[in-house]
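Trainee: just coords:
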């Protein structure tokens, strides 16, 4: 499992409300939803982080 790093993020209030609603609809935390959105965007752009080999 990769290490997580805290990061301050400024988000438009209306966008955050939409993300919070989306997260609740999918039984995720807001933070978890933002991480999921970012990972989906990275996959779509073919820029997913490489899995570290053990």
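Mentor: The structure has been received and is ready for your questions. Quick caveat, the model's predicted, so the values are computed rather than measured.

Trainee: quick one: the helices in the chain?
Mentor: 13-25, 30-44 (DSSP state H).

Trainee: what's the angle between the first one and helix 30-44?
Mentor: Counting by axes from the mean of the first three to the mean of the last three CA atoms, to 10 degrees, helix 13-25 lies at 100 degrees to helix 30-44.

Trainee: What is helix 13-25 packed up against?
Mentor: Helices and strands touching helix 13-25, by 3 or more CB pairs under 8 Å, 6 or more residues apart in numbering; DSSP states H and E, are helix 30-44. C-beta coordinates here come from the backbone N, C-alpha and C atoms, glycine included.

Trainee: Just the buried positions in the helix it packs on, please.
Mentor: For helix 30-44, the neighbour count (16 or more other CB atoms under 10 Å) marks 33, 34 as buried.

Trainee: try stretch 18-30
Mentor: 19, 23.

Trainee: next one: it to chain centre, how far?
Mentor: 11 Å (CA atoms, centre = their mean, to the nearest Å).

Trainee: do stretch 6-18 as well
Mentor: Relative to where its chain is centred, stretch 6-18 has its mean C-alpha point 11 Å off (CA atoms, centre = their mean).

Trainee: contacting residues around it?
Mentor: The contact list for stretch 6-18 (CB atoms under 8 Å, 6 or more residues apart in numbering) reads 19, 30, 34.

Trainee: Tell me the pLDDT of the first one.
Mentor: pLDDT for residue 19: 98.

Trainee: now swap in the second one and tell me
Mentor: Looking at residue 30, its pLDDT is 97.

Trainee: give the contact list for it.
Mentor: 16, 19, 20, 23 are the contacts of residue 30 under CB under 8 Å, 6+ apart.

Trainee: The first one now?
Mentor: Residues touching residue 19, when contacts are defined by CB under 8 Å, 6+ apart, comprise 11, 30, 33, 34, 37.
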